[in-house]
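Student: quick one: sequence plus predicted model below, questions after.
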Amino acid sequence: MAQPALPDADAAAIERFLEALWAEQGLARQTLDSYRRDLEGHARWRQGRDGGLASSDRASLFDYLAWRTGQGYSPRSNARLLSAWRAFFAWCLRRGERTDDPTALLLPPRLPRSLPKALSESEIDALLASPDTGTPLGLRDRAMLELMYACGLRVSELVNLPATALNLRQGVLRVTGKGGKERLVPLGEEARHWIERYLANARPQLAGKRALAPLFLSASGEAPSRQQFWQLVKRHAGAAGIDPVRISPHGLRHSFATHLLNRGADLRALQMLLGHASLSTTQIYTLVAREQLKQLVARHHPRG
């Protein structure tokens, strides 16, 4: 079913807000797109009510949250909506379009703490060995999986890598993460080996005679999307005998972090490798490692 048209005034206000947010804070494109969807959804819901999106009062926000809850939206989704509202109405205040902030007394929903899903080292080995490296796309898949696990990349970082991000001579990768922040991550010998094979034997066939910027290419010569990468991960996980429920789009990134901690990595160093702005974000992996150790003892200790 087609969505109702967005009121012109609201569409223009959302566009100006997102442009200002990008210019002032340099937020990632995915974050801006999420804010756009959330604000446009609220604007469509408000149609027929007095005023546009910028004139929403606290009661209207409560009503919309109640409606979303009835529609089955998750607490995490509503928490993101609240972040979008707070940024939008703060922008309206700075511009003098409002004299109050309707989100001032709104509390974020309580979020269940979900631990990242990490695979075991043997499962990682099986997953990485799954692609058929005798084909260009299979060789590309192997190189992508190896690189994501070796460097702890986000999916968006992986699929958007330009070929110029690689420095094979020094064995490092320049990654542009959230907020446009760059970090250097060591490749590791195994990932370097598969990247070199991909560059020599697969990428030229996928690129043809075109000079293409993305490091990883699809059969059409474009960078794979995040959805395409997620599909290939699920396909190779199934071939490796791994339950798809146990793997997520960031499964290799989570496994990278958990396995490093299990082998004694420093938490601060891991924070830098993952590109986390706050150490508290990285610390959740200590809970994953601790939980895995408890399960190990329960399975194998004679009095577990």
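Tutor: Cool, the structure landed.
Student: how about low-confidence regions in the stretch 101-250 of the chain?
Tutor: Low-confidence segments of the stretch 101-250 of the chain, defined by pLDDT under 70: 111-116.
Student: where exactly do the helices run in it?
Tutor: With DSSP state H, counting those that start in this stretch as the criterion, the stretch 101-250 of the chain has helices at 121-128, 136-151, 155-159, 189-201, 203-207, 226-239.
Student: distance to residue 12 added to the ones you listed, as JSON lines?
Tutor: Yep, even glycine has a C-beta here, placed from its N, CA and C like the rest. Compiled in JSON lines, those are given as follows (distance: least, Cβ to Cβ, whole Å):
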{"stretch": "helix 121-128", "distance to residue 12": "47"}
{"stretch": "helix 136-151", "distance to residue 12": "39"}
{"stretch": "helix 155-159", "distance to residue 12": "28"}
{"stretch": "helix 189-201", "distance to residue 12": "45"}
{"stretch": "helix 203-207", "distance to residue 12": "40"}
{"stretch": "helix 226-239", "distance to residue 12": "29"}
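Student: from those helices, which stretch is densest packed?
Tutor: Per-stretch averages of neighbours, counted by mean count of other Cβ atoms under 10 Å, single out helix 136-151 among these, with a mean of 23.
Student: about what we covered before: out of the helices of the stretch 101-250 of the chain, flag the one nearest residue 79.
Tutor: For residue 79, the closest of the helices of the stretch 101-250 of the chain is helix 155-159, at 20.2 Å, according to Cβ to Cβ.
Student: and the helices of the stretch 101-250 of the chain: which comes nearest residue 107?
Tutor: With Cβ to Cβ as the measure, helix 155-159 is the member of those nearest residue 107 (29.7 Å).
Student: among the helices of the stretch 101-250 of the chain, which is nearest residue 69?
Tutor: Proximity to residue 69 (Cβ to Cβ) singles out helix 226-239 among the helices of the stretch 101-250 of the chain, at 27.3 Å.
Student: which helices and strands does the closest one pack with?
Tutor: Counting contacts by 3 or more Cβ pairs under 8 Å, 6 or more residues apart in numbering; DSSP states H and E, helix 226-239 packs against helix 121-128, helix 136-151, helix 155-159.
Student: can you pull the contacts of the closest residue to residue 177 other than its chain neighbours?
Tutor: Ranked by Cβ to Cβ, 6 or more residues apart in numbering and with sequence neighbours excluded, the top spatial neighbour of residue 177 is residue 275, at 3.9 Å. Residue 275 is in contact with 154, 175, 177, 178, 181, 183, counting by Cβ atoms under 8 Å, 6 or more residues apart in numbering.
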